[in-house]
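*Asks:* Fold the following for me, if possible:
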Amino acid sequence: MTGTTAAATAAPRGARVTSRRRRTIALVLLLVALAAASAASICLGAKAIPLHVVLDALTSPQDIEQHIIVRSLRVPRTVFGLLVGIALGIAGTLIQGHTRNPLADPGLLGVTQGAAFAVVTAVVVLGVDSLYGYVWFAVLGALAASVTVFALGSAGGRGASPVTLALAGAAVSFFLHGLTSAIVLVDERGMDVFRFWSVGSIAARDYAIAGQIAPFLIVGLILAAINTPGMNTLALGDDVAVALGTNVARTRVLGVLAITLLTGAAVAACGPIAFVGLVVPHLARAITGPDYRWVVPFAGLIGAVLLLVADVLGRVLASDAFEVGIMLALIGAPVFIVLVRRTRLVRL
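*Replies:* Numbers count the residues shown, from 1 in each chain. The predicted model follows:
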């Protein structure tokens, strides 16, 4: 009996060690891939720049064309790729976990349409025509939309549930989309700004914009880290989570805040970028398993890699004709179809 018990205990322990080792190896490989994608983002494009020139531009900048391209265009673009990829990857993981819906993306809470409506309103009504100006309106619009969705999802005194959040998010999104369409159809200037913003691009952004969205991203990442332990118990169902001592309402509020801040900041600066928040969580779970303490950081890193790779491909293959939002749609749709066919996405 003693030998049998020891063997039974050793087997799960060995499995845990193997799983932890596999995750550690995957994490190292992912960090290497992220470094390679960042280097490619700075070196490659319509005009390839050798790595030693890039290093010179970063360490000993001069007033020459290649150095200006690296410091003024490609480094900020890479920074935005990292920030937005991390934000959307983590936000997508949180929204799929909180709604227990494998097809959910960060825009489900009305964040994207709230930001779009605020941008159009700022341009048409207030005359704001600069990205530095309407980025704040986009963040506020995203926050207002998500608060409205959560309030509607919590109506009736029973608190927000995955189903009510999804239904409220869909209703608010369709409503705001209709209002936005009505405004841009009657105002040419609003249409021009909205069309430029809605493509989804990390080009032509500078450090000032990054500084504007950084506080929202930092707070969102902190809330996401706090939220992950509760996500593991919520995955078992609300009743089980309550029985295990989890404050379901608090966990869900923290999750919604994190999703709103991360998605709102990313969408405000770069427009709606699809497929990152939808596809990345599934890729992360395929590597790490269901533990959100691992899934969340892996999703952030995978999101950054995916976004940078898509942006580089758009620059190399089409000489900057395809913005990252378009390239992600071309890449993300086939990847997601493969995931749907090969994995059981309902396991959330």
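*Asks:* wait, doesn't Ile209 sit right on Ser130?
*Replies:* No. The pair Ile209 / Ser130 is not scored as a contact, 10.5 Å apart, by Cβ atoms under 8 Å. No exception for glycine: its C-beta is placed from N, CA and C like everyone else's.
*Asks:* neighbour-wise, which of these two wins?
*Replies:* Ile209 (19 against 10; other Cβ atoms under 10 Å).
*Asks:* Could you measure from the more buried one over to Leu328?
*Replies:* Per Cβ to Cβ, to the nearest Å, Ile209 is found 20 Å from Leu328.
*Asks:* Then Phe137?
*Replies:* In this structure, Phe137 and Leu328 are 25 Å apart, going by Cβ to Cβ.
*Asks:* Between the two, which is the more surrounded one?
*Replies:* Neighbour tally, Phe137 and Leu328, criterion other Cβ under 10 Å: the higher count belongs to Leu328, 27 against 20.
*Asks:* quick one, what contacts that one?
*Replies:* Leu328 makes contact with Gly200, Ile273, Ala274, Phe275, Val276, Leu306, Leu307, Ala310 under the criterion Cβ atoms under 8 Å, 6 or more residues apart in numbering.
*Asks:* All the strands of the protein, residue numbers only.
*Replies:* Per DSSP state E, the chain has no strands. Nothing in it meets that criterion.
*Asks:* Any regions of it where pLDDT drops low?
*Replies:* Within the chain, the segments meeting pLDDT under 70 span 1-17, 156-160, 319-321, 339-340, 342-348.
*Asks:* those helices in the chain, which residues are they?
*Replies:* Along the chain, the stretches classed as helices by DSSP state H are 2-43, 51-59, 65-68, 75-99, 111-124, 131-153, 162-186, 188-198, 207-234, 238-243, 248-270, 276-288, 292-318, 324-342.
*Asks:* got the angle between the last one and helix 248-270?
*Replies:* Interaxial angle of helix 324-342 relative to helix 248-270 (axes from the mean of the first three to the mean of the last three Cα atoms, to 10 degrees): 140 degrees.
*Asks:* Now Ala203: phi and psi?
*Replies:* As for Ala203, its main-chain torsions (degrees, to the nearest 10) stand at phi -80, psi 160.
*Asks:* That one against Arg77, yeah?
*Replies:* Yes. Between Ala203 and Arg77 a contact is recorded at 5.8 Å, counting by Cβ under 8 Å.
*Asks:* Please say which of those two ends up with more neighbours.
*Replies:* Arg77 (24 against 17).
*Asks:* Surely that one touches Asp311?
*Replies:* Yes. Using Cβ under 8 Å, Arg77 is in contact with Asp311, at 7.1 Å.
*Asks:* Overlap of the contact sets of these two?
*Replies:* Shared contacts of Arg77 and Asp311 (Cβ under 8 Å, 6+ apart): Ser41, Ile202.
*Asks:* is it true that Val54 touches Val70?
*Replies:* Yes. At 5.5 Å, Val54 counts as touching Val70 under the criterion of Cβ under 8 Å.
*Asks:* Name the residues contacting each of the two.
*Replies:* Each of Ile42 lies in contact with both Val54 and Val70 under the rule Cβ under 8 Å, 6+ apart.
*Asks:* so how many other residues sit close to Ile64?
*Replies:* By other Cβ under 10 Å, the residues close to Ile64 number 11.
*Asks:* What separation is there between it and Ala57?
*Replies:* Counting by Cβ to Cβ, the separation of Ile64 from Ala57 is 9 Å.
*Asks:* before we move on, back to that, can you put the helices of the chain in a markdown table and add distance to Asp105?
*Replies:* Written out in a markdown table, the entries for the helices of the chain read as follows (distance: least, Cβ to Cβ, whole Å):
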| stretch | distance to Asp105 |
| --- | --- |
| helix 2-43 | 21 |
| helix 51-59 | 34 |
| helix 65-68 | 37 |
| helix 75-99 | 6 |
| helix 111-124 | 9 |
| helix 131-153 | 14 |
| helix 162-186 | 10 |
| helix 188-198 | 16 |
| helix 207-234 | 16 |
| helix 238-243 | 22 |
| helix 248-270 | 9 |
| helix 276-288 | 4 |
| helix 292-318 | 12 |
| helix 324-342 | 10 |
